[in-house]
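here's my sequence, what's the structure:
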Amino acid sequence: MSILEMKVPSPGESITEVEIATWLVKDGDYVEKDQPIAEVDSDKATLELPAEESGTITLKAEEGEVVQVGQVVCLIDTSAAKPEGSAPAQPEAKAAEPAKVEAPKVEAKPAATYATGTPSPAAKKILDEKGVEASQVSGSGKDGRITKQDAEFASVPAMGSISATSGSRASSTTKLSVLRRKVAARLVSVKNETAMLTTFNEVDMSEIFRIRKQYKEEFAQKHGVGLGFMSFFTKAVTRALKLYPDVNASIDGDYKINYDFCDISVAVSGPKGLMVPVLRNAEDMSFRGVESNIKSLAEKVRDGKITVDEMTGGTFTLTNGGTFGSMMSTPIINPPQSAILGMHNILQRPMAIDGQVVIRPMMYVALSYDHRIIDGKESVGFLVAVKEAIDNPVEFLLGGDERKGLEL
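Alright, predicted model coming up:
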């Protein structure tokens with residue numbers, strides 16, 4: 001017999017423990033090498049744990065248990081032979097029908113003067129005045145008759161109350177995952193430890209709508225990826241960060257750290273919650289590069305394949321609540337970053353353009369920032385720079401030539 005001890009690998013730097021979120025196999029199952037056998041939660045991501053060898057598995061940790069990196073969580077008997085496919089289950093024999101038993105005949109008895117639950121005339125008057133149904137009162141009189149005293153002690157239902165039989169009152173309690181607990185703690189610390197403010201503006205999406213409609217098919221055919229809104233906003237943000245570098249900075253005690261690069265964290269909703277994979281050196285990416293990288297990272301998040309390294313770092317965050325219908329929000333900074341841009345839904349709104357009222361597709365944008373190192377002038381200027389790039393992408397993002405800027 002050859003037994004392999006499987007230990008928890010390190011998901012990334014600074015992570016010392018993980019939680020067994022879900023076992024994907026049962027104790028005693030035969031597993032193949034590289035087969036996912038468990039999902040583990042760290043404080044940064046949910047990752048799959050693959051089997052290191054083929055064999056019969058013995059679990060050594062429970063779901064929900066927090067284990068240290070390097071701890072043995074299962075044993076694999078690599079000498080065990082792979083079981084042959086089991087024969088198809090035989091259909092169960094039809095259970096014999098139980099013998100029919102006739103209910104004993106009961107002789108009818110004369111009806112009682114009052115049926116069970118019937119209020120007396122005096123009790124009925126009191127219940128009517130209270131607005132209480134007789135069916136909600138237990139009678140203490142003969143044959144269950146509701147007496148005057150029963151009616152007087154009957155409780156009056158609260159306004160808008162629901163009777164116990166009209167709906168479920170069930171509840172359930174589940175433990176938050178390590179990732180969710182860490183996110184919760186981080187968000188609270190941001191509110192407590194930063195001087196967070198939010199400034200707002202609105203952008204006109206007309207030109208981006210036109211460009212996407214005109215070139216989306218050609219762009220997709222040439223580059224193998226769709227032309228979305230995120231590439232325009234990413235390029236607009238990296239341009240604005242170069243103009244206002246303090247928005248791309250972070251604070252470390254008494255020091256401010258400025259970065260010459262723009263690593264843009266993009267918030268992506270996945271099965272385990274919100275993840276923020278990072279576009280490294282987004283300032284050097286083309287539209288195709290931004291769209292391809294975002295698509296790849298989003299697929300990894302949704303498939304649970306994202307790594308900690310792919311979510312580590314980031315100097316600025318983009319989040320798009322508009323995909324869920326959000327019209328306005330105040331996004332929370334993703335520490336140790338100092339700012340985050342929130343995008344929202346696009347609505348057709350009447351706008352005054354050159355003295356005329358016209359209908360335009362408009363979006364509200366919100367910049368939350370740490371006022372300790374970013375002043376109001378920089379935050380407002382940054383958001384105005386984003387606005388002018390989105391309002392006029394041909395001039396500010398595509399170098400005056402749409403086809404050349406999109407690499408068509």
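
mind listing the strands for the stretch 1-150 of the chain?
Using DSSP state E, counting those that start in this stretch, the strands of the stretch 1-150 of the chain run over residues 3-7, 17-23, 30-31, 36-41, 46-50, 55-59, 66-68, 72-77.

how about the helices in the stretch 1-150 of the chain?
Counting by DSSP state H, counting those that start in this stretch, the stretch 1-150 of the chain has helices at residues 121-130, 148-153.

give me the mean pLDDT for the shortest one.
Taken as a whole, helix 148-153 has an average pLDDT of 76.

and what of the longest one?
Averaging pLDDT along helix 121-130 gives 78.

what of stretch 223-239?
For stretch 223-239, the mean confidence score works out to 95.

same check on stretch 343-359?
Rounded to a whole number, the mean pLDDT of stretch 343-359 is 94.

next one: it to chain centre, how far?
Stretch 343-359 sits 31 Å away from the centroid of its parent chain (C-alpha atoms, centre = their mean, to the nearest Å).

got it, and stretch 387-406?
Distance of stretch 387-406 from the chain centroid (C-alpha atoms, centre = their mean) equals 33 Å.

do the same with stretch 392-408
Centroid displacement of stretch 392-408 relative to its chain, using C-alpha atoms, centre = their mean, is 34 Å.

what does stretch 298-312 give?
For stretch 298-312 - counting by C-alpha atoms, centre = their mean - the centre lies 14 Å from the chain centre.

ok, and what's touching it?
For stretch 298-312, the external contacting residues (C-beta atoms under 8 Å, 6 or more residues apart in numbering) are 11-13, 15, 39, 42, 44-48, 265-266, 268, 270-272, 275-278, 297. The way it works is simple: take the backbone N, C-alpha and C, and place the C-beta from them, glycine included.

kindly recompute the last result at 10 Å.
Around stretch 298-312, the neighbours that count as contacts under C-beta atoms under 10 Å, 6 or more residues apart in numbering are 10-15, 36, 39, 42-48, 230, 263, 265-278, 280, 296-297.

likewise stretch 389-396?
Taking C-beta under 10 Å, 6+ apart as the rule, stretch 389-396 contacts 201-208, 210-211, 229, 232-233, 235-240, 343, 360, 363, 365, 385-386, 388, 397-398, 400-402, 405.

among the contacts of stretch 298-312, which ones are buried?
When the contacts of stretch 298-312 are checked for burial by 16 or more other C-beta atoms under 10 Å, the buried set is 11-12, 15, 39, 42-47, 230, 263, 265-270, 272, 275-278, 297.

where does the stretch 201-350 of the chain have low pLDDT?
Applying pLDDT under 70 to the stretch 201-350 of the chain picks out residues 272.

that one: helices as residue ranges?
Listed in chain order, the helices of the stretch 201-350 of the chain (DSSP H, counting those that start in this stretch) span 206-223, 229-243, 287-303.

number of nearby residues for the nearest residue to Phe219 once chain neighbours are set aside?
Taking C-beta to C-beta, 6 or more residues apart in numbering, and ignoring the residues beside it in sequence, Phe219 has Leu227 as its nearest neighbour in space, at 4.3 Å. A count of neighbours around Leu227, defined by other C-beta atoms under 10 Å, yields 23.

surely Leu227 and Phe209 touch.
No - contact criterion C-beta atoms under 10 Å: Leu227 and Phe209 do not qualify, at 11.4 Å.

hang on, Arg360 in a strand?
Yes - using DSSP: H, G, I helix; E, B strand; the rest coil, the assignment for Arg360 is a strand.

and the residue lying closest to it once chain neighbours are set aside, its phi and psi?
Nearest non-adjacent residue to Arg360, counting by C-beta to C-beta, 6+ apart: Met351, 4.7 Å away. The phi and psi values for Met351, taken as degrees, to the nearest 10, are phi -130, psi 150.

and what of the one 3 residues further on?
When read as degrees, to the nearest 10, the backbone of Asp354 gives phi 50, psi 40.
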